[in-house]
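In: This is a predicted model, with the sequence first.
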Amino acid sequence: MYMIGKVFRIFKEKGGILKALDLWDWYEKLDIQKQKIVKYYFSLKSIKSMRFPYRAKHFDSGNVENTYYTKRTFLGSLAQMALLEGDTKNAEWLYLEALKMEGNPLEAHMILNDLLILAQKEKDFDKMEKYAKADVELFDEYKESLKEKNGGTLPHINSFDALIYLLEKKGYYTQALELLSYMERESIPVYEETKIRLKEKSS
């Protein structure tokens, strides 16, 4: 009976959200531990998130249709779950996997913002600079979508504020002011106290 059950598992139809998002190939290429991590945070999200429309069984079985997730946003949502649980290592891994998937620049911005928050929590200045720079370099590609999402104006953007902080920390006050001036030209909100402080330091 054990062998029969094993054979049936091999021929089990691949369904669930993995099929709906065409993630089966990606999932099966992961090592077993990584597969367990992905499945664990999916199951945990199905229990803890009232807005999550799936149950644990929907991960790899059943017919899932009309999902509003993309590959990128789905993996990003599991990364958020890991981050909420304090599992920064696997949260970062899932976010980076999400960035490898196809998607639009605004989705990439949201993921980079979460990666930056993760780096800020860990006080890892190298990672802060890496993720903030990547997001700032992407700004032209997502700014109109972000503006539209925010009701016609741009919100505070963490990556710009983080880069200014890092430049100030290194003593690069002129460069920090140049970045702040760029933000003002692009109508990105700036902190007035930061502007005053940088002007005093650069004079």
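Out: Here it is on my side, so go on. Numbering: from 1, shown residues only.
In: Look up how far residue 58 lies from the most centrally placed residue in the chain.
Out: The residue lying closest to the centre of the chain (CA atoms, centre = their mean) is residue 111, at 2.1 Å. For residue 111, the distance to residue 58 (CB to CB, to the nearest Å) stands at 23 Å. Every C-beta, even on glycine, is put in place using the N, C-alpha and C of the backbone.
In: Ok, residue 47 next?
Out: Look at residue 47 and residue 58: by CB to CB, they are 13 Å apart.
In: Neighbour count: the two, which is higher?
Out: residue 58 (20 against 9; other CB atoms under 10 Å).
In: does the more buried one really touch residue 69, like I thought?
Out: No. Judged on CB atoms under 8 Å, residue 58 makes no contact with residue 69 at a distance of 11.7 Å.
In: what residues do these two have in common as contacts?
Out: residue 17 (CB atoms under 8 Å, 6 or more residues apart in numbering).
In: now could you export just the CA positions of whatever helix or strand residue 167 lives in as PDB?
Out: Using DSSP states H and E, residue 167 falls within helix 158-169. As requested, the backbone C-alpha atoms of helix 158-169 are provided in PDB (Å, rounded to 0.1, in the frame of the first residue of the first chain):
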ATOM      1  CA  ASN A 158      11.600  55.900   1.800                       C
ATOM      2  CA  SER A 159      14.500  55.100  -0.600                       C
ATOM      3  CA  PHE A 160      15.100  58.900  -1.200                       C
ATOM      4  CA  ASP A 161      15.000  59.700   2.500                       C
ATOM      5  CA  ALA A 162      17.300  56.700   3.300                       C
ATOM      6  CA  LEU A 163      19.900  57.800   0.700                       C
ATOM      7  CA  ILE A 164      19.900  61.300   2.000                       C
ATOM      8  CA  TYR A 165      20.400  59.900   5.500                       C
ATOM      9  CA  LEU A 166      23.300  57.700   4.300                       C
ATOM     10  CA  LEU A 167      24.900  60.600   2.400                       C
ATOM     11  CA  GLU A 168      24.700  62.800   5.500                       C
ATOM     12  CA  LYS A 169      26.100  60.000   7.700                       C
END
